[in-house]
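1. With the sequence up front, the predicted model follows.
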Amino acid sequence: MASLASGRLALLRCAREALRRAEAAACSTPTPPYPHLTRAQPCWRQPRLHTPFSSSSSSSSSSSSSLFIQIQETPNPLSLMFVPGRDVLVSTEGGVARDYPNPKAAKRSPLAQRLFRVEGVNGVFFGTDFVTVTKQEDVEWSVMKPEIFATITDFFASGRDVAVAEAADPAEAAAEAGEEEEEEDEIVLMIKELLDTRIRPAVQDDGGDIEFVKFEEDTGVVFLQLQGACSGCPSSSITLKSGIENMLMHYIPEVKEVVEFHPEDDSRMPLSF
């Protein structure tokens, strides 16, 4: 079983490299790699609205600088992407994405803490070059946008780090690393490979992210956690069923179902219609 899975993983990587070379040779817009993961899907829809906003910095140490913020719609009507035209997260701040679903989770992010002070903010998500803000249903974007603009502009003018990486206990970190290495079988590696190369880029482009949680080998169930604009999106279950689940089952026969993971109650919700 291990050798068969290893062979499939190598074949998958070779196929992906061949696809990249073919796209480079064609010098044109590539055909979507899998028919179920196209922009026709509800959660990855038509080009989003871009609304520029320029705000002069209020910081005395940056007299001539200004931040040009663009707004991009997401498939989730309760979430908007704010693109400041500069890096938001760097590698020293915890990777390519950080999710703050509530104020308590934002204790190590000064920017997220400030955004949660804006009335109506229900969630904050950071990508490499964007900030996704999720609002409460009873508050209008027209009321929230000016304060969100001012918060982001003033924060970047201050020069502070967006997030502070949490210092882990060395013994605990070593134990977790050992557990991960022990549990990372070939099937899990293939699942992560597909998520990272075929799925996450499109999801991140819409202001969210999908995080692999675990794979139950005895049931064939893959647990994924939705973040940012994907969390609570009305069309996320359709996208996951029609796109992610179909792709994983197509390339990895051991996968039988994709399930959304909810960390707040450690429960699972099958992504079905």
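-> Arrived safely.

2. measure Pro77 to Cys233 for me?
-> 9 Å (CB to CB, to the nearest Å). In this view, the C-beta of every residue, glycine as well, is placed from N, C-alpha and C.

3. wait, I meant Val188
-> On the measure of CB to CB, Val188 and Cys233 end up 26 Å apart.

4. same question, Thr134
-> Relative to Cys233, and taking CB to CB, Thr134 is found at 10 Å.

5. list residues touching both of the two?
-> 76, 79 (CB atoms under 8 Å, 6 or more residues apart in numbering).

6. quick one: the strands in the stretch 51-200 of the chain?
-> Secondary structure of the stretch 51-200 of the chain, counting by DSSP state E, counting those that start in this stretch: strands at 66-73, 79-83, 98-100, 121-126, 131-135.

7. buried ones in the second one?
-> Of the residues in strand 79-83, those buried by neighbour count under the rule 16 or more other CB atoms under 10 Å are 79-83.

8. when you compare where that strand runs with where strand 66-73 runs, what's the angle?
-> 150 degrees (axes from the mean of the first three to the mean of the last three CA atoms, to 10 degrees).

9. circling back to that earlier point, out of the strands of the stretch 51-200 of the chain, which is the most enclosed?
-> Comparing these by mean neighbour count (mean count of other CB atoms under 10 Å), strand 131-135 comes out on top with a mean of 26.

10. Packing partners of it?
-> Helices and strands touching strand 131-135, by 3 or more CB pairs under 8 Å, 6 or more residues apart in numbering; DSSP states H and E, are strand 79-83, helix 110-116, strand 121-126, helix 141-158.

11. residues in contact with the first one?
-> Strand 79-83 is touched from outside by 48, 69-74, 123, 129-135, 141, 148-149, 152, 207-208, 228-229, 233, with contacts defined as CB under 8 Å, 6+ apart.

12. Recalculate using a threshold of 7 Å.
-> 69-74, 129-134, 141, 148, 152, 207, 228-229 (CB atoms under 7 Å, 6 or more residues apart in numbering).

13. What of the third one?
-> By CB under 7 Å, 6+ apart, the residues outside strand 121-126 that reach it are 88-89, 97-101, 106, 112, 115-116, 131-136, 162-163, 207-208, 227-228, 231.

14. Okay, now the sheet partners of it, with direction.
-> Strand 121-126 pairs in its sheet with strand 98-100 (antiparallel), strand 131-135 (antiparallel), by DSSP bridges.

15. mean pLDDT for those: which is lowest?
-> Comparing mean pLDDT across the strands paired with strand 121-126, the weakest is strand 98-100, with a mean of 92.

16. For Lys192, which of the helices and strands packed on strand 131-135 is the nearest?
-> Lys192 lies closest to strand 121-126 among these, at 20.4 Å (CB to CB).

17. Taking helix 141-158 as reference, get the angle to the closest one.
-> Using the same axes, to 10 degrees: strand 121-126 against helix 141-158 is 40 degrees.

18. Using PDB, list the CA coordinates for strand 121-126.
-> Extracted C-alpha coordinates of strand 121-126, given in PDB (Å, rounded to 0.1, in the frame of the first residue of the first chain):
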ATOM      1  CA  VAL A 121     -16.500  43.300  12.900                       C
ATOM      2  CA  ASN A 122     -17.100  39.600  13.400                       C
ATOM      3  CA  GLY A 123     -13.800  38.100  12.000                       C
ATOM      4  CA  VAL A 124     -10.400  39.100  10.700                       C
ATOM      5  CA  PHE A 125      -8.200  37.100   8.300                       C
ATOM      6  CA  PHE A 126      -4.700  38.000   7.000                       C
END
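
19. pLDDT of that strand, averaged?
-> pLDDT averaged over strand 121-126 gives 95.
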